[in-house]
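Peer 1: next input, structure requested:
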Amino acid sequence: MKFPSSLLLLLGWHAFSEVACQTDVPALRRMMTNMRLVVLVSPCTVGPANRMLASEWLRVAFHDAGSHDAANGVGGIDGSFLYEMNYEENNGVFGSATMQQYRTIQERTVSLADIIVLGAITAIGSCGGPVIPFLGGRIDAKGPVTPGFLPSPGQTLATHQAQFARMGFSNKEMISLVACGHTIGGVHVANNPTITSEAMAGFDTTRAVFDNQGAIEYRNGVLANPLAQPVNASNLATSSDSRIFSSDNNATINSYAASQDTFFNDCSTVFSKMFNELVPRGTSLTSIKPYPVSVGLVYSLRNEVFQIQIGNARVFDLAGEWSSYDIIYHNRDGSLGTNSELLRVRTMRTLSNGAPIQIKDFSTVAPGIDPITGISSVSVVLTLNDGTIYSSEDGAETVAIEDRIVIDLGIPFSCIYTSPEGDVGLNISIAVLGPFSADDKVYIDYELASDLSRTTFGEPIRANFRAARPGTDYNYYGVQVPV
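Peer 2: Model prediction:
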């Protein structure tokens, strides 16, 4: 097998992109059904005690959008939230937790701003809300905006109206956005002790369902929503929602109580505006839909054993349209893999992001993938009811696997070191498929921890040849990376 004379291995590849100059449509199409995303909010109840990740994802989207100045075309959903998590309006764990969750799916060619919107749309759909079309192409900011742009529950109605107007929302849209944003989740005593004494006080009695129940309860005088209480001049925060709802004599909120269809239609409209119009001027967005069939996986080399740790095949919105659903693999040379015991495929399960996703999880079985035959790809073979096998122009039903150059993560091979001078770093071993050539050059590229956006890299470090791996065509290279 021949390689280019210079190989670059990326260490720490999950990085928030500072600028997405060109939208990576295929990456976003795969991401829309990525189980590392969907499984965190489907079903809608997912989350630690007294928390709902779906409502936190929706909240992050609004908090990133809240800086938008429609008149001047600046601010809005641009990923600046990453730098603003210590602001008072972002108190609580929801922000840092969401950013950490989004890191698990991030790719260099996809902006954080796009992931923030995709996460919110996925959360809404998984909770039974309207299916909102996704548009991609947002560009990430390089730093924070100044604090103070977001509405606060204790502010007056006039202040709220001015803030939403600055974002570009009418009074009716302000009511819609609050009603639609406050149908899942709730308020936590840890962050708002003057509003509730409950660990988590739901916005309505169906806090894990995106529905019009909050509007119904408000109309009927059920005081479930801790922000929709009767006005108390000494604590305006507890009537934040009710003052907004009553700003048009309750006409809009009562229409939602009377019709969930009306509620869903307005929620879809106002969220689409927030996601797609509250962006910096000049942002160009592209309509993006999930691949009907796709596959993703995580693999690693650990102590000389190459494994697929977790993989999942996804069939999106095709329930009832197929007759068989199989997973196959190909060897390094492209030939069809014939070891029927290599992949452990689990029973199909179904989740939702607004439409059903039929999932088959899989992994490799010990002792892992043969280093001689290797592996080059895993594919989904979906036979439709008419007998044809599904295929796409982009080939999303196949995922490539790079086993020719990979870090061995096993402790004997890669570990933390401390130099005699007290400097700390990583000692890394890299397995490179031969044949060996003295002209080969292997480099490590690494992110600088000092950059919160994880888009600044140190100078590539060349790895040195250490030894051949007995019984295989692999050679080991070693490098020390400072941390």
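
Peer 1: tally of neighbours for Gly282?
Peer 2: When counting by other Cβ atoms under 10 Å, one arrives at 7 neighbours for Gly282. Yep, even glycine has a C-beta here, placed from its N, CA and C like the rest.

Peer 1: for it, list the residues it contacts.
Peer 2: Shown in contact with Gly282 (Cβ atoms under 8 Å, 6 or more residues apart in numbering): Gly73.

Peer 1: measure it to Arg166 for me?
Peer 2: Gly282 sits 19 Å away from Arg166, going by Cβ to Cβ, to the nearest Å.

Peer 1: next one: Ala27
Peer 2: Counting by Cβ to Cβ, the gap from Ala27 to Arg166 is 33 Å.

Peer 1: kindly report the same for Gly320.
Peer 2: In terms of Cβ to Cβ, Gly320 sits 47 Å off from Arg166.

Peer 1: spatially central residue in the chain, please.
Peer 2: For the chain, the residue nearest the mean C-alpha position is Tyr102 (4.0 Å; Cα atoms, centre = their mean).

Peer 1: what's the closest non-adjacent residue to that one?
Peer 2: The spatial neighbour of Tyr102 that comes closest, neighbours along the chain excluded (Cβ to Cβ, 6 or more residues apart in numbering), is Ile115 at 5.0 Å.

Peer 1: after the helix or strand containing that neighbour, which helix or strand is next? Please name it.
Peer 2: Secondary structure from DSSP states H and E places Ile115 in helix 112-126. Using DSSP H and E, the helix or strand that follows helix 112-126 in sequence is strand 134-136.

Peer 1: for that next one, name the packing helices and strands.
Peer 2: For strand 134-136, the packing partners by 3 or more Cβ pairs under 8 Å, 6 or more residues apart in numbering; DSSP states H and E come out as helix 25-31, helix 112-126, strand 286-288.

Peer 1: quick one, phi/psi of Leu382?
Peer 2: Backbone geometry at Leu382, expressed as degrees, to the nearest 10, gives phi -110, psi 110.

Peer 1: actually, Phe164.
Peer 2: Torsion angles, degrees, to the nearest 10, at Phe164: phi -70, psi -30.

Peer 1: how's the chain carved up into domains?
Peer 2: Segmentation of the chain into domains, based on automatic domain parsing, reads 6-10+407-482, 34-287, 293-402.

Peer 1: re earlier: what about the residue nearest to the centre of the chain, which SS state?
Peer 2: Secondary structure state of Tyr102, per DSSP: H, G, I helix; E, B strand; the rest coil, is helix.

Peer 1: quick one: it and Leu112 touch, right?
Peer 2: Yes - contact criterion Cβ atoms under 8 Å: Tyr102 and Leu112 qualify, at 6.8 Å.

Peer 1: what about Val25, neighbour count?
Peer 2: 16.

Peer 1: now it: closest residue in space, sequence neighbours ignored.
Peer 2: Ile288 (5.8 Å).

Peer 1: list the beta-bridge partners for that neighbour.
Peer 2: Phe134 (DSSP bridges).

Peer 1: the helices in the stretch 251-400 of the chain, which residues?
Peer 2: Here the stretch 251-400 of the chain has its helices, by DSSP state H, counting those that start in this stretch, at 251-258, 260-277.

Peer 1: tell me the buried residues in the last one?
Peer 2: Of the residues in helix 260-277, those buried under the neighbour-count criterion (16 or more other Cβ atoms under 10 Å) are 260, 263-264, 266-268, 270-277.

Peer 1: and Ala54, how far from Phe134?
Peer 2: 16 Å.

Peer 1: do Phe210 as well
Peer 2: Phe210 is 17 Å from Phe134, by Cβ to Cβ.

Peer 1: and the longest strand seen in the chain, what other elements does it pack with?
Peer 2: When the chain is parsed with DSSP state E, its longest strand is strand 305-316. Packing partners of strand 305-316 (3+ Cβ pairs under 8 Å, 6+ apart): strand 293-302, strand 322-330, strand 356-364, strand 377-384.
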